[in-house]
Structures are given as structure tokens and as C-alpha cells.
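Chemist: got a predicted structure plus its sequence, pasted below:
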Amino acid sequence: MDMNNKKQAGFGVVIVIVAILVVAGLGYVGYRLYEHFSKPAATSNTTSSQANKQTSSQSVIEGETVSSDDNRVSFTLPNGWKLVNKFSSDARKTCVLGAPDQCTLYDTFAPTDFTSNGQWFAIAYQTTLAPKDWAEYPLGSPTNDWRDQSSAKINGYDAFYVVVENNSVRDLNYFIEHNGYIVYMRFREVVKGGNAGAPQDLSRYADGFNQIVNSIKIQ
């Protein structure tokens, strides 16, 4: 009897040890499975968060709409362009010397990879003058510097286009009129030197500037 009891006790100990090993093994396998499947989820959330941040930061720059104080005039900057300066009402009183009224919009803008300022701008005025007549305020009376003059339609608005070229610069000028407003937009395509600054060819930005001109809205 004693021998049988000892054998049964020995088997009981073995069963307990096996059970412990099985439970431990299942626990280890379960832990490894949890660890394996939880890591991709964390990575996916991080990637999604980064994508959202990129979209948010880009949306601040791309497609920015610029409006006048009275919201009667607006235009949109395309991808790759930025608003540089939006001048205050005091600064706008003299935005065009000799013009009869204060302008309601005076903004400069530029490609995002461009560091200088003042090559591209938009000005909005309330006036009853025709586009070609009003052009004489900022450009002066027509001279031999006026090149490639033409009347046109931009977004259905009457417009006047003139290239001004001299020994210092080549400027593309648009004067767009609608409902008592004139919008003057200028693109300095080429700087030849002299008082205008160091020589540089900016014609590579012409497509972007044309997109801005064609986005103009006047109420």
C-alpha cells in the first residue's frame, strides 16, 4: 500500500508540473501574439497623424484667397505662392502717387522660393476711369517704354494690358475694371540692373502670375 501511495503521489506531482508548464507556455504565446499585433496598430496611428499634420500645414499656404477690406475684390494664390505684405489703410493712402482715391487693397506676393519683395503686387481702387486711362497714374503718360498694349477680357471684365520696358526692368501690367473698381496687378518679369537691383530673369514665374490674374473676382 505504501508503495502504491508513493507512485500515485509521484504521478500527481508530474501532472501538476506539466499543467504549470502548459499554462506558462500558453501565457508566453499569448503575450507574443499580443505584442506582435499591437505594434502595427501603433505605427499606423502615427503615420496617419503625420499625414494629417502635413495636410493641415499645406492648406495654410496653398490656395490662399486674398481680399480687399470691403471684400469686393479678391484673388487666389496658387500652390507655391505666398502673401508677403498686406499693407494697412494708412500705407494704402499713398499706394499710387497722384491717384484720386485711397486704394482698398494693396498686397505684395511672391513664389515661396523667392526671398525678395515687391516684384509682384495687386492694388484695388474705386474709380470711374477706364482701365487704359487709369494706367497713366502708376505708369505715367504713354511713352516709348509702353510695349505690346492691348485691350482684353479677363473673367468677363474689361482689362488693359501693357508691357513697360526700359534699361532697368521689363514689367507686365494688368488693369482690370468692373463695377467702379480698377485692379492693377504687376509682374516684374526681368530686372536688368541699375536702380532696380541686381539683374535677374523671373520669367519662369509667369505661369503662376497668370493664374493669379485669372483668379481675380470683382463684385
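Modeler: Cool, got the structure. Numbers count the residues shown, from 1 in each chain.
Chemist: counting neighbours, which bits of whichever helix or strand residue 170 is part of end up buried?
Modeler: Here residue 170 sits within strand 169-178, counting by DSSP states H and E. Across strand 169-178, burial judged by 16 or more other CB atoms under 10 Å covers 169-178. Yep, even glycine has a C-beta here, placed from its N, CA and C like the rest.
Chemist: how is this protein divided into domains?
Modeler: Split into domains by automatic domain parsing, the chain comes to 1-59, 62-218.
Chemist: any idea which of those scores lowest on pLDDT?
Modeler: Ranked on mean pLDDT, the bottom entry among these is domain 1-59, at a mean of 45.
Chemist: now do the contacts for the nearest residue to residue 165 once chain neighbours are set aside.
Modeler: The shortest distance from residue 165 to any non-neighbouring residue, by CB to CB, 6 or more residues apart in numbering, is to residue 147 (5.3 Å). Residue 147 makes contact with 162-165, according to CB atoms under 8 Å, 6 or more residues apart in numbering.
Chemist: ok, now how distant is residue 147 from residue 189?
Modeler: Distance, residue 147 to residue 189, by CB to CB, to the nearest Å: 12 Å.
Chemist: likewise for residue 180?
Modeler: In this view, residue 180 and residue 189 are 30 Å apart by CB to CB.
Chemist: please enumerate the strands of this protein.
Modeler: For the chain, the strands defined by DSSP state E occupy 65-67, 73-76, 81-86, 105-111, 120-126, 146-154, 157-165, 169-178, 181-191, 200-201, 217-218.
Chemist: residue 70 contacts residue 104, doesn't it?
Modeler: Yes - Residue 70 is within contact range of residue 104, at 5.7 Å (criterion: CB atoms under 8 Å).
Chemist: those two - which one has more neighbours?
Modeler: Neighbours of residue 70 and residue 104, each counted by other CB atoms under 10 Å, are more numerous for residue 104; the result is 21 against 12.
Chemist: test my guess that the more buried one contacts residue 73.
Modeler: Yes - contact criterion CB under 8 Å: residue 104 and residue 73 qualify, at 6.8 Å.
Chemist: which neighbours do those two share?
Modeler: residue 124.
Chemist: circling back to that earlier point, same list (the strands of the chain) but as a markdown table, adding distance to residue 140.
Modeler: Shown next, in a markdown table, are these (distance: least, CB to CB, whole Å):
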| stretch | distance to residue 140 |
| --- | --- |
| strand 65-67 | 27 |
| strand 73-76 | 24 |
| strand 81-86 | 24 |
| strand 105-111 | 19 |
| strand 120-126 | 16 |
| strand 146-154 | 9 |
| strand 157-165 | 9 |
| strand 169-178 | 12 |
| strand 181-191 | 14 |
| strand 200-201 | 24 |
| strand 217-218 | 25 |
